[in-house]
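Visitor: When you get a sec, could you give me coordinates for this:
(one chain, ligands or ions: 1)
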Amino acid sequence: MDSYHKILSNYEALKARNMKLDISRGKPGTDQIDLANAILNILQQDDYYSTSGVDCRNYGGIEGIPEMREIFAELLGLKSSEIIVGGNSSLSLMHDRIAGFYTHGVNGSEPWFKQGTVKFLCPTPGYDRHFYICEYYNIQMIPIDMLETGPDMDTVEKLVHSDPLIKGMWCVPVYSNPTGCVYSNETIKRIARLKPKAPDFKVFWDNAYTVHNFSEPRPIIPNILHECAINGNEDMPIIFASFSKISFAGSAVAAMAASDNMRKAISKQISAQTVGPDKMNQLRHARFFKNADGVISHMKQLGEKIKPKFDAVLSSLEEELAGICEWTKPKGGYFIHFRSKEGCAKRIVELCGEAGLVLTEAGAVHPYKYDPKDRDLRIAPTFAQVNELKDAMEIFCSAVKLAHMEKMESKNNSTQN
Ligand code: PMP
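Guide: Below you'll find the model as predicted:
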């Protein structure tokens with residue numbers, strides 16, 4: 001192992017380069033976004049009718065245009081009648097469901113806010129913005145360990161089967177944010193078989209990365225809506241999907257799917273919110289992608305841009321930190337989960353920051369931003385270019401080594417005192 005002095009001087013030399021790099025958020029790279037630029041002017045002046053004859057320039061069509069419903073349906077393995085296509089953000093669709101259940105209840109049940117402190121299961125490490133929705137509504141978050149197969153289902157079953165205040169669970173089944181894991185078939189089937197103590201328990205099935213493979217064939221997972229229906233739980237899941245990381249992040253199209261019952265309740269809430277979604281943007285997307293095959297071949301091009309970025313990060317980690325730390329090696333999605341030695345994550349972020357590299361805040365992948373072991377970090381390789389990632393990883397690995405060394409020194413000092 002290198003000496004403290006050598007590690008420190010290496011870090012100081014990198015710091016002196018005054019770099020400005022950012023691997024904090026899962027933003028697509030400009031080179032990825034450019035591939036969808038034809039969307040911007042794909043519609044001719046007289047092209048505004050959907051296949052159902054609806055004039056997309058006008059109000060209405062709460063459930064979205066048929067061609068976009070069809071594309072989502074094919075991608076998710078559902079019927080187009082099961083899909084509601086919304087606006088630009090799947091996160092806002094998730095937020096709105098929680099807000100609706102919180103204030104109005106789920107299909108006739110008491111509103112969540114009247115039932116005491118309601119709780120959500122949060123597979124951890126997980127997506128910080130899911131956690132923030134819960135925090136905002138004062139929903140108590142219970143961390144559930146993420147395994148290679150998905151959430152620890154023994155704990156999920158024990159809790160969901162016994163506590164009527166547990167009202168929901170976050171799931172990112174394919175290329176989970178941030179571990180990149182794909183839930184196993186067994187995990188998905190166990191989720192579908194849950195017998196929740198709360199009749200108004202909901203599975204928030206966030207399929208954000210369902211077609212975002214770059215190193216393996218696209219994983220086809222059991223269909224949660226159908227699996228739940230087989231087990232008498234048809235109203236339990238709400239499925240979300242988004243084109244944010246397919247076309248333009250934040251200016252794309254998002255969708256939901258759910259049982260007839262749930263869609264009826266959701267449509268009622270949407271009718272109170274809006275006179276209709278942005279159908280012109282839906283039409284632009286439908287014209288550009290044409291069908292699910294069009295999306296899959298676009299994703300292949302995106303995968304070719306993304307893979308070298310993940311490779312650059314993973315090979316730096318392998319060269320510098322093998323045997324010292326752990327990290328995931330995703331075959332799709334947008335993130336790598338990195339685990340340092342205990343008590344070092346905050347310091348790593350601080351050291352990186354001082355050397356010009358912005359990382360996602362330490363703790364962010366845990367509910368309440370509280371990582372009890374201070375060791376989990378998220379790396380988002382997509383926004384930077386490959387050469388920038390090499391620089392970024394030099395700083396990152398150097399900061400990890402220095403933080404580990406400082407920790408060891410402070411331990412040694414405290415045992416000597
Ligand atoms: N869900 C997950 C798991 C995500 O990682 C992201 C983007 N970081 C979103 C949802 C947000 O998607 P949208 O842009 O459709 O709101």
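
Visitor: What parts of the stretch 51-200 of the chain come near the ligand?
Guide: Counting by CB under 6 Å from any ligand atom, the stretch 51-200 of the chain comes close to the ligand at 89-91, 127, 172, 177. Quick note: C-beta positions are derived from backbone N, CA and C, even for glycine.

Visitor: show me where the stretch 101-250 of the chain has helices.
Guide: For the stretch 101-250 of the chain, applying DSSP state H, counting those that start in this stretch gives helices covering 128-136, 153-160, 185-192, 224-230.

Visitor: where do the strands sit along the stretch 251-400 of the chain?
Guide: Counting by DSSP state E, counting those that start in this stretch, one finds strands in the stretch 251-400 of the chain at the ranges 254-257, 326-327, 336-339, 357-358, 376-379.

Visitor: what bridges to residue 240?
Guide: residue 206, residue 256 (DSSP bridges).

Visitor: Give me the pLDDT for the residue nearest the centre of the chain.
Guide: Centroid-nearest residue in the chain: residue 177, 4.3 Å away (criterion: CA atoms, centre = their mean). The score at residue 177 is 97. That number is its pLDDT.

Visitor: That one: what's it in contact with?
Guide: 26, 126-127, 208-209, 333-335, 378 (CB atoms under 8 Å, 6 or more residues apart in numbering).

Visitor: What is the nearest of these to residue 153?
Guide: Distance to residue 153, by CB to CB, is smallest for residue 126 among these, at 15.5 Å.

Visitor: I figured that closest one was touching residue 172, is that so?
Guide: Yes. At 7.5 Å, residue 126 counts as touching residue 172 under the criterion of CB atoms under 8 Å.

Visitor: domain parsing for the chain?
Guide: In terms of domains, the chain is parsed into 4-26+296-409, 47-290 (source: automatic domain parsing).

Visitor: Start and end of the shortest one, how far apart?
Guide: Using CA to CA, to the nearest Å, the end-to-end distance of domain 4-26+296-409 comes to 9 Å.

Visitor: got the residues of the stretch 201-350 of the chain near the ligand?
Guide: 206, 208, 242, 244, 250, 254.

Visitor: Report the buried members of these.
Guide: 206, 208, 242, 244, 254 (16 or more other CB atoms under 10 Å).

Visitor: okay, those in TSV with pLDDT next?
Guide: Below are those laid out as TSV (pLDDT from 0 to 100):
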residue	pLDDT
206	98
208	97
242	98
244	97
254	98
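
Visitor: quick one: residue 207 from residue 386, how far?
Guide: According to CB to CB, to the nearest Å, residue 207 and residue 386 sit 28 Å apart.

Visitor: which of the two has more neighbours?
Guide: residue 207 (23 against 14; other CB atoms under 10 Å).

Visitor: That one - nearest residue in space that isn't next to it in sequence?
Guide: Distances taken as CB to CB, 6 or more residues apart in numbering place residue 241 nearest to residue 207, at 4.6 Å, with adjacent residues excluded.

Visitor: Which residue ranges of the stretch 51-200 of the chain form strands?
Guide: Taking DSSP E, counting those that start in this stretch as the criterion, the stretch 51-200 of the chain contains strands spanning 83-85, 119-124, 140-147, 150-151, 166-171.

Visitor: same for the shortest one, what does it pack against?
Guide: This points to strand 150-151. Helices and strands touching strand 150-151, by 3 or more CB pairs under 8 Å, 6 or more residues apart in numbering; DSSP states H and E, are strand 119-124, strand 166-171, helix 185-192.

Visitor: ok now the second one, how far from the chain's centre?
Guide: Right, strand 166-171. In terms of CA atoms, centre = their mean, to the nearest Å, the centre of strand 166-171 is found 15 Å from the chain centre.

Visitor: re earlier: same list (the residues of the stretch 51-200 of the chain next to the ligand) but as a markdown table, adding distance to residue 263.
Guide: Below are those laid out as a markdown table (distance: CB to CB, whole Å):
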| residue | distance to residue 263 |
| --- | --- |
| 89 | 19 |
| 90 | 16 |
| 91 | 19 |
| 127 | 24 |
| 172 | 22 |
| 177 | 26 |
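
Visitor: most neighbours, which of those?
Guide: With neighbours defined as other CB under 10 Å, the most crowded of those is residue 172; it has 28 neighbours.

Visitor: Disregarding residues adjacent in the polypeptide, which is nearest to that one?
Guide: What sits nearest to residue 172 in space, not counting adjacent residues and going by CB to CB, 6+ apart, is residue 206, at 4.9 Å.

Visitor: Surely that neighbour touches residue 90?
Guide: Yes. The criterion here is CB under 8 Å, and residue 206 meets it with residue 90 at 7.0 Å.

Visitor: and for those two, which residues touch both?
Guide: With CB under 8 Å, 6+ apart as the test, residue 206 and residue 90 both reach residue 240.

Visitor: related to what we said a few turns ago, okay if I get the domains of the chain as TSV plus distance to residue 41?
Guide: Converted to TSV, these look like this (distance: least, CB to CB, whole Å):
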stretch	distance to residue 41
domain 4-26+296-409	17
domain 47-290	9
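
Visitor: which ones are touching the residue nearest to residue 215 when sequence neighbours are not counted?
Guide: With CB to CB, 6+ apart as the criterion, residue 215 has its nearest non-adjacent residue at 4.0 Å, and that residue is residue 331. Listed by CB under 8 Å, 6+ apart, the contact partners of residue 331 are 175, 180, 213-216.

Visitor: Tell me the spacing between residue 331 and residue 180.
Guide: Using CB to CB, one gets 7 Å for the distance from residue 331 to residue 180.

Visitor: list residues touching both of the two?
Guide: With CB under 8 Å, 6+ apart, residue 331 and residue 180 have no common neighbours.

Visitor: Tell me how far residue 365 lies from the ligand.
Guide: For residue 365, the distance to the ligand equals 11 Å [CB to the nearest ligand atom, to the nearest Å].

Visitor: for residue 104, same thing?
Guide: Distance from residue 104 to the ligand, by CB to the nearest ligand atom: 22 Å.

Visitor: What of residue 410?
Guide: On the measure of CB to the nearest ligand atom, residue 410 and the ligand end up 35 Å apart.

Visitor: do residue 258 as well
Guide: Going from residue 258 to the ligand by CB to the nearest ligand atom gives 17 Å.

Visitor: Now the spatially closest residue to residue 365 that is not a sequence neighbour: phi and psi?
Guide: Spatial nearest neighbour of residue 365, excluding adjacent residues (CB to CB, 6+ apart): residue 125 at 3.6 Å. Backbone geometry at residue 125, expressed as degrees, to the nearest 10, gives phi -60, psi 140.
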